[in-house]
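# Here is a sequence together with a model predicted from it:
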Amino acid sequence: SQTIHQWPATLVQPVGSPLSLECTVEGTSNPNLYWYRQAAGRGLQLLFYSVGIGQISSEVPQNLSASRPQDRQFILSSKKLLLSDSGFYLCAWSVSPKGWANTEAFFGQGTRLTVV
Amino acid sequence: EDKVVQSPLSLVVHEGDTVTLNCSYEVTNFRSLLWYKQEKKAPTFLFMLTSSGIEKKSGRLSSILDKKELSSILNITATQTGDSAIYLCAVGPTQGGSEKLVFGKGTKLTVNP
């Protein structure tokens, strides 16, 4: 069965420090991978998604970047964190659709990032 | 720009009440609409809707899609305190063959005993 791992669960970082959040998926190949951010217990804002190794689509211009060095690994990074980067970050995966097949996304447990 | 709007943003009811949550969308090349429940951390999948007028049901929860009105509702009957959560609606437009899910802000449901 497929599982998704996301770490760390919580993180407190000073302003101006770098960031690296990692997400890995097991039990599937060539998944679509996503990074979402959720502020104040509300809706999910799509930050990045990837349909394959090295392929990253950015949805919101910001202080963050994403990389996919391996098929089932997705990394969210920042060179210098801002206070506004605080939030709950969720990684998710879905099966690559074939034709008009429909798939749902499965989420990791999230990382609570506090920038101080 | 793809958009998903949920209403109400928050709702407080008593156990046993029936609630209806709304989701409307504007997306290019609509493929599917999904409902998720988020209690603490990871949202958990509830329903995926692709065809108009066909109700999906799971226990006390049901959902239906109206493609003409570009909307969906999620009904919860005989609510329990365990139904307290944020309910998220997402729409999957197609873009280059990939599945990009766009979420609404969610409805925060509180069920009081």
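Nice, thanks for sending it over. In this text the structure is predicted, and so the values were computed from the model without any measurement.
# Report the contact partners of whichever residue of chain A sits closest to chain B.
Proximity to chain B, evaluated over chain A using C-beta to the nearest C-beta, is greatest for A:Gly43 at 3.5 Å. Using the backbone N, CA and C atoms, a C-beta is placed for each residue, glycine as well. A:Gly43 sits next to B:6, B:88, B:103-106 when contact means C-beta atoms under 8 Å, 6 or more residues apart in numbering or on different chains.
# 7 Å instead?
B:88, B:103-106 (C-beta atoms under 7 Å, 6 or more residues apart in numbering or on different chains).
# Against B:Tyr36, how distant is the residue nearest the centre of chain A?
Here the mean C-alpha position of chain A is nearest to the C-alpha of A:Trp35 (C-alpha atoms, centre = their mean), at a distance of 2.6 Å. Noted for A:Trp35: a distance of 16 Å to B:Tyr36, by C-beta to C-beta, to the nearest Å.
# circling back to that earlier point, and the contacts of A:Gly43 near chain A, which?
Here is what survives when those are matched to chain A using C-beta under 7 Å from any C-beta of the partner chain: B:88, B:103-106.
# got the contact list for the top strand by length along chain B?
The longest strand of chain B (DSSP state E) is strand B:85-95. Strand B:85-95 is contacted from outside by A:41, A:43-44, B:2, B:4, B:6, B:21, B:23, B:25, B:27-39, B:43, B:72, B:74, B:99-104, B:106-109, using C-beta under 7 Å, 6+ apart.
# rerun that using 6 Å as the cut-off
B:2, B:4, B:6, B:21, B:23, B:25, B:27-29, B:31-39, B:43, B:99, B:101-104, B:106-108 (C-beta atoms under 6 Å, 6 or more residues apart in numbering or on different chains).
# Return the residues of chain B in contact with chain A.
Within chain B, the positions near chain A by C-beta under 6 Å from any C-beta of the partner chain are B:32, B:34, B:41-43, B:45, B:48, B:50, B:98-101, B:103-106.
# among those residues, which ones are buried?
Neighbour counting with 16 or more other C-beta atoms under 10 Å in any protein chain shown marks B:32, B:34, B:41-43, B:48, B:50, B:98-101, B:103-106 as buried within the residues of chain B next to chain A.
# If you drop the residues flanking it in sequence, what lies closest to the closest residue to chain A within chain B?
Closest contact between chain B and chain A, by C-beta to the nearest C-beta, is at B:Lys105 (3.5 Å). Residue nearest to B:Lys105 in three dimensions, not counting chain neighbours: A:Gly43, with 3.5 Å by C-beta to C-beta, 6 or more residues apart in numbering or on different chains.
# Next: B:Pro43.
In space, B:Pro43 is closest to B:Tyr36, 3.9 Å off (C-beta to C-beta, 6+ apart).
# What's the local residue count around the one you found?
23 (other C-beta atoms under 10 Å in any protein chain shown).
# My guess is it contacts B:Phe47. True?
No: using C-beta atoms under 6 Å, B:Tyr36 is not in contact with B:Phe47; the gap is 9.0 Å.
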